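> Give me the fold of what follows.
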Amino acid sequence: MEQMSPAASHCVLILGCGDIGRRIGRQHLGPGVEVIGAVRSAASAAAVAAAGLVPLRLDLDQPLPPLPCADTVYWCAPPPAEGETDRRLRAVLTVLRPPAQGLLYISTSAVYGDCQGRWISEAEPLKPGSGRGRRRLDAELALRAWSARTGARTVVLRVPGIYGPGRLPVERLRRGDPVLREQDSPYTNRVHADDLAAACMLALRQGEVGAAYNISDGRPTTMSDYLLRCARLLGLPEPPRIALAEAAATFSPMLMSFLEESKRLDASRLRALGWQPRHPDLDEGLPACV
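A predicted model of the protein is given here:
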């Protein structure tokens, strides 16, 4: 089991410590705090160390070793790519000691399914239409049951599309992949990676125990609009537009699962905690990415 360094009095564990996890971890760094980033690969472990965090090699699809006794836990790891359940999270919850300061789980707005472009709050019924949404809902339910059983403090963020430095769709645009024409493109929501990291810390510190919070910059557009903006920003050719009827024969099933859902996220519950995005829309957020 990982032990805190002698000088550390607070341990933060980030499971699935990729880009967002490293952003969260850097915000926690300070005297008396040790931040452990759990990742699978050697390359990811090197990125964790380069961010000033303590890497922990951990394969969530294999039998788990004892985990660090952390005071604060962030779950940033994705569920498995297939199936109806998140067996990774369920396995970790069998060995994880309830953290004194709580656990924040990064979920997805896909748990709501298709809402025909309506503005929705956290009161919207959860009716995921895709496998990725159903796996995330399974994780939320497993976390709720674990909290009830152990008394652990948990908070959930339901996250839409994330953009930021190093996260723009450069390769897709270089390939010239088509996009839906604007009249066929559903509403999508976005949040800048730095704003998401800040919200994770705020929600865990001030959020209601067991609550879920939508997060979004509050200015939904469409995926086509986002991709066209990125192309112009990066000086790349604008992608060709196609009709929805052509999309199923062109796009991957994963991409189609995004295009078959339309919703506008109301994040006023999170804003009531004091969250204000530094990047309130794509006009301000995209130029900050390059």
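> these two touch, right, residue 146 and residue 153?
No. With contact defined as Cβ atoms under 8 Å, residue 146 does not count as touching residue 153 (11.2 Å). All C-beta atoms are positioned from the backbone trio N, CA, C, and that covers glycine.
> Show me whatever sits in contact with both of the two.
Counting by Cβ atoms under 8 Å, 6 or more residues apart in numbering, residue 146 and residue 153 have no common neighbour.
> and the helix ranked longest in the chain, C-alpha only, in PDB?
The longest helix of the chain (DSSP state H) is helix 131-150. The C-alpha trace of helix 131-150 is given here as PDB (Å, rounded to 0.1, in the frame of the first residue of the first chain):
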ATOM      1  CA  GLY A 131     -24.200   2.000 -23.700                       C
ATOM      2  CA  ARG A 132     -21.800   4.700 -22.500                       C
ATOM      3  CA  GLY A 133     -24.700   6.500 -20.700                       C
ATOM      4  CA  ARG A 134     -26.000   3.300 -19.200                       C
ATOM      5  CA  ARG A 135     -22.500   2.400 -17.800                       C
ATOM      6  CA  ARG A 136     -22.200   5.800 -16.300                       C
ATOM      7  CA  LEU A 137     -25.600   5.500 -14.700                       C
ATOM      8  CA  ASP A 138     -24.700   2.100 -13.300                       C
ATOM      9  CA  ALA A 139     -21.600   3.800 -11.700                       C
ATOM     10  CA  GLU A 140     -23.700   6.500 -10.200                       C
ATOM     11  CA  LEU A 141     -26.100   4.000  -8.700                       C
ATOM     12  CA  ALA A 142     -23.200   1.800  -7.400                       C
ATOM     13  CA  LEU A 143     -21.700   4.900  -5.800                       C
ATOM     14  CA  ARG A 144     -25.000   5.900  -4.200                       C
ATOM     15  CA  ALA A 145     -25.400   2.400  -2.700                       C
ATOM     16  CA  TRP A 146     -21.800   2.400  -1.400                       C
ATOM     17  CA  SER A 147     -22.300   5.800   0.200                       C
ATOM     18  CA  ALA A 148     -25.500   4.600   1.900                       C
ATOM     19  CA  ARG A 149     -23.700   1.400   3.100                       C
ATOM     20  CA  THR A 150     -20.500   3.100   4.400                       C
END
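> which other residues reach that helix?
79-80, 82-86, 89-90, 93, 98, 103, 105, 107-108, 110-113, 126, 128, 152-154, 156, 209-210, 212, 254, 257.
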